[in-house]
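In: here's a sequence, model it:
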Amino acid sequence: MKTLKFVVGLAQLARDLIAGLAHLHDHGIAHLDVKPGNLLCADDFRVASEDQVVGGVYGTQGWMAPEIREGAVLSPIRADRRFCGKRLLWFLEKGG
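Out: Next comes the predicted model:
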C-alpha cells in the first residue's frame, strides 16, 4: 500500500505537470515528448532548489545538456537554464 506522503507527492506532481503543460499550450507551444525519462524529480516528486544535485542520465540522447553524462552530479535546474540558451540558438540557426 502506498504511503500518504507518496500519494500527496504524486498528486502534486500531476498538478504541476498539468499546469506546466497548460502554460506551454497557452503560449502556443506543444511538448510532444512527455515521458518519465524527460521528467526529473526527487523522491518527494520535487527538485527542491537550484542547489539540489542529482546523478544519472536523464532526457533524450542528443537533446540533453552536455553536462548530463554517466557519473555526473549536477543541478538539474541550472542545467535546464544553461541549455535553454543553446536550444534557442538552435532555433535561430534553423530559422535562418
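In: mind listing what the helix or strand of the chain with the lowest mean pLDDT pairs with, with the direction of each?
Out: When the helices and strands of the chain are compared on mean pLDDT, DSSP states H and E, strand 54-55 comes out lowest with a mean of 81. Applying DSSP bridges, strand 54-55 is found paired with strand 73-74 (antiparallel).
In: OK, contacts around G55?
Out: Residues near G55 by Cβ atoms under 8 Å, 6 or more residues apart in numbering: 71-74. C-betas here are computed from N, CA, C, even on glycine.
In: show me the shaky parts of the chain.
Out: The chain contains residues with pLDDT under 70 at 1, 96.
In: per-domain residue ranges of it.
Out: Following automatic domain parsing, one finds the domains of the chain at 1-32, 35-96.
In: right, so these: which one is the most enclosed?
Out: Most buried of these by mean neighbour count (mean count of other Cβ atoms under 10 Å) is domain 35-96; its value is a mean of 12.
In: what's the spacing between L32 and H25?
Out: For L32, the distance to H25 (Cβ to Cβ, to the nearest Å) stands at 11 Å.
In: err, K35, not the other one
Out: Separation of K35 from H25 (Cβ to Cβ) stands at 18 Å.
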